[in-house]
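K.L.:
Here's my sequence, what's the structure:
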Amino acid sequence: MLAENSASRARATWMPPALAKVSSGPLTEKVPSIAGLENALQKAKTNDRTTVLVIDTDPLVSTDAGGHWWDVAVPEVSARPQVNAARKAYDEKRQMQTIGD
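P.N.:
Modelled structure (predicted):
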């Protein structure tokens with residue numbers, strides 16, 4: 001769940017559903033399946049405030065630290081030889097990856 005960051009109204013931070021349940025924010029519920037989502041949607045329609053429903057959607061969860069992974073590549077172009085060498089190594093390793101890696 002996203003919660004407003006007090007440092008900046010334009011930024012948002014992750015708030016675990018357990019914390020959101022004790023805050024004055026929206027109601028939250030993590031559902032285990034499509035059937036659970038359908039049931040939770042019906043229930044949410046009767047709530048008196050905003051409801052956030054969470055469902056895992058990645059069948060190949062690759063990390064225990066949240067299930068998200070971003071590929072932040074080394075720059076493609078640089079005047080620094082070390083960066084160009086790192087990009088070459090990155091490109092070679094990317095070609096060896098398979099789905100789920």
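
K.L.:
average pLDDT across the helix ranked longest in the chain?
P.N.:
Ordering each helix of the chain by length in residues (DSSP state H) puts helix 81-96 first. Helix 81-96 shows an average pLDDT of 93 in the prediction.

K.L.:
So which residues of this structure form helices?
P.N.:
Ranges of helices within the chain are 17-22, 34-44, 81-96, based on DSSP H.

K.L.:
so which of these gets nearest Val72?
P.N.:
With Cβ to Cβ, the closest approach to Val72 among the helices of the chain belongs to helix 81-96: 10.2 Å. Every residue, glycine included, has its C-beta placed from N, CA and C.

K.L.:
burial count for the nearest residue to Tyr90 once chain neighbours are set aside?
P.N.:
Using Cβ to Cβ, 6 or more residues apart in numbering and skipping residues adjacent in sequence, the residue nearest Tyr90 is Val74, 4.7 Å away. By the measure other Cβ atoms under 10 Å, the count of residues near Val74 is 15.

K.L.:
residues in contact with Val74?
P.N.:
Val74 makes contact with 83, 86-87, 90, according to Cβ atoms under 8 Å, 6 or more residues apart in numbering.

K.L.:
how does it look with 6 Å?
P.N.:
The contact partners of Val74, by Cβ atoms under 6 Å, 6 or more residues apart in numbering, come to 86-87, 90.

K.L.:
Output these in a markdown table; the columns should cover distance to Thr57.
P.N.:
Compiled in a markdown table, these are given as follows (distance: Cβ to Cβ, whole Å):
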| residue | distance to Thr57 |
| --- | --- |
| Ala86 | 32 |
| Arg87 | 31 |
| Tyr90 | 28 |
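
K.L.:
buried subset of these?
P.N.:
Buried subset of the contacts of Val74 (neighbour count, 16 or more other Cβ atoms under 10 Å): Arg87.
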